[in-house]
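Engineer: Just a sequence and a predicted model for now, questions to come.
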Amino acid sequence: MNEHAGSAGTRHYATILLRAIAVGGGYYLGAKLGLELRLPPATPSVLWPPNQILTAALLLTPPREWAFYLLAALPAHLVTVAGTGWPLSFILAVFFTNCSEAVIAGVGMRLFIPVPS
């Protein structure tokens with residue numbers, strides 16, 4: 001019985017890992033698009049798709065897994081904005097606000113919209 005439980009646990013973490021890779025990839029592609037939508041020389045983008053990607057990932061998964069998906073987005077964020085010339089402190093602050101927006105949306109949706117059991 002323990003072998004089966006261990007196998008199920010391994011599959012669960014493999015699923016989380018695959019989802020995290022997908023979130024990171026989606027975040028990367030969304031950030032590339034977002035950078036293209038900037039109005040030069042302004043820093044802000046007209047639309048920033050990574051926030052929607054993170055929000056969707058959080059809404060589709062249990063809150064106990066959220067940290068994995070938020071952490072998976074960090075390397076994608078860093079790689080995408082590395083060539084912008086922005087200071088590291090700004091890059092990290094923007095990432096923190098992106099994650100905060102997604103978490104606030106995820107928590108808000110879970111609080112105010114009944115989830116079927």
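Structural biologist: Cool, got the structure. Please read these numbers as outputs of a predicted model, since none were measured by experiment.
Engineer: rest of the way, CA atoms for contacts and neighbours
Structural biologist: Noted.
Engineer: which SS state does Asn51 fall under?
Structural biologist: Per DSSP: H, G, I helix; E, B strand; the rest coil, the secondary structure class of Asn51 is helix.
Engineer: Kindly report the same for the one 5 residues further on.
Structural biologist: At Ala56, secondary structure determined by three-state DSSP is helix.
Engineer: Next, count neighbours for it.
Structural biologist: Using other C-alpha atoms under 10 Å, Ala56 has 15 neighbouring residues.
Engineer: what's the answer for Glu65, then?
Structural biologist: Neighbours around Glu65, by other C-alpha under 10 Å: 14.
Engineer: for Val94, same thing?
Structural biologist: Residues lying near Val94 (other C-alpha under 10 Å) number 13.
Engineer: surely Gln52 meets Ala102?
Structural biologist: Yes. At 7.3 Å, Gln52 counts as touching Ala102 under the criterion of C-alpha atoms under 8 Å.
Engineer: neighbour count winner among those two?
Structural biologist: Ranked by neighbour count (other C-alpha under 10 Å), Gln52 and Ala102 place Ala102 first, with 23 against 17.
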